[in-house]
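S.K.: build me a model:
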Amino acid sequence: MSLRLSSTALFVIMSLSFSPMSLNAQETDTSTYKVLANEKTGLNLATIKELIQKGDESFSKEELDQARKHFDEARVLTRQLLSFYRDINGSFRGIDARIPREMDSKGREAQVLLAKTNLRLASLFRRRNEPEVAVPLLIEVLKLMTPTRAEGQKAYQTLLELGFVETPYAGARKEI
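M.R.: Below you'll find the predicted structure:
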């Protein structure tokens, strides 16, 4: 029985080795498997930018509910991406330095987008006369960006305007 099995295996291997096979060394189209890199939809920074832009358009048309929906979606997606970038970064730290550098770069860009989204949402809540809802968003911007960055300064200035803080920031840039 075992002789029959081994001779069958040998026959299969021999027939495969002598059969004509074509090797395809063509370049593959990455768009078929890099679905998440699609700028129209996907789990990426371009999608967040698109959501922010849609929110801005709705905000300018005074469609505040629709604008909030877009900004909220952008915040959720940004937080997910930040978490994923941190996880990937940690997995490759000390193994391949290129990957943590890429994740750091994408993470910084995502943080800026989150700060911008929070500032827009805070502005929306101020427009709705709900400043108490804007305060946590502004504080989150300060935590993300620090008062030395334009976004952080804008957040602190808004907190000052709302009366949540009383001391003006002396290091603030004039172009805010």
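S.K.: shaky segments in the protein?
M.R.: 1-41, 172-176 (pLDDT under 70).
S.K.: how about the strands in it?
M.R.: Counting by DSSP state E, the chain forms no strands at all.
S.K.: and Lys69, how far is that from Gly107?
M.R.: Counting by Cβ to Cβ, to the nearest Å, the separation of Lys69 from Gly107 is 25 Å. All C-beta spots, glycine's among them, are computed from the backbone N, C-alpha and C.
S.K.: then Leu138?
M.R.: To Gly107, Leu138 is 21 Å away according to Cβ to Cβ.
S.K.: can you check Glu63 too?
M.R.: Relative to Gly107, and taking Cβ to Cβ, Glu63 is found at 31 Å.
S.K.: these two: which has the busier surroundings?
M.R.: The neighbour count for Glu63 versus Gly107, taken as other Cβ atoms under 10 Å, is higher for Gly107 (19 against 14).
S.K.: grab the nearest non-local neighbour of that one.
M.R.: Spatial nearest neighbour of Gly107, excluding adjacent residues (Cβ to Cβ, 6 or more residues apart in numbering): Tyr85 at 4.3 Å.
S.K.: that neighbour against Lys106, yeah?
M.R.: Yes. Counting by Cβ atoms under 8 Å, Lys106 is a contact partner of Tyr85 at 5.2 Å.
S.K.: neighbour count: those two, which is higher?
M.R.: The residue with more neighbours, out of Tyr85 and Lys106, is Tyr85; 21 against 18, by other Cβ under 10 Å.
S.K.: got the contact list for that one?
M.R.: 103-104, 106-107, 110 (Cβ atoms under 8 Å, 6 or more residues apart in numbering).
S.K.: list the ones among those that fall in helices.
M.R.: 103-104, 106-107, 110 (DSSP state H).
S.K.: looking at these, spot the one nearest Thr146.
M.R.: Nearest to Thr146, judged by Cβ to Cβ, of those is Gly107 at 15.4 Å.
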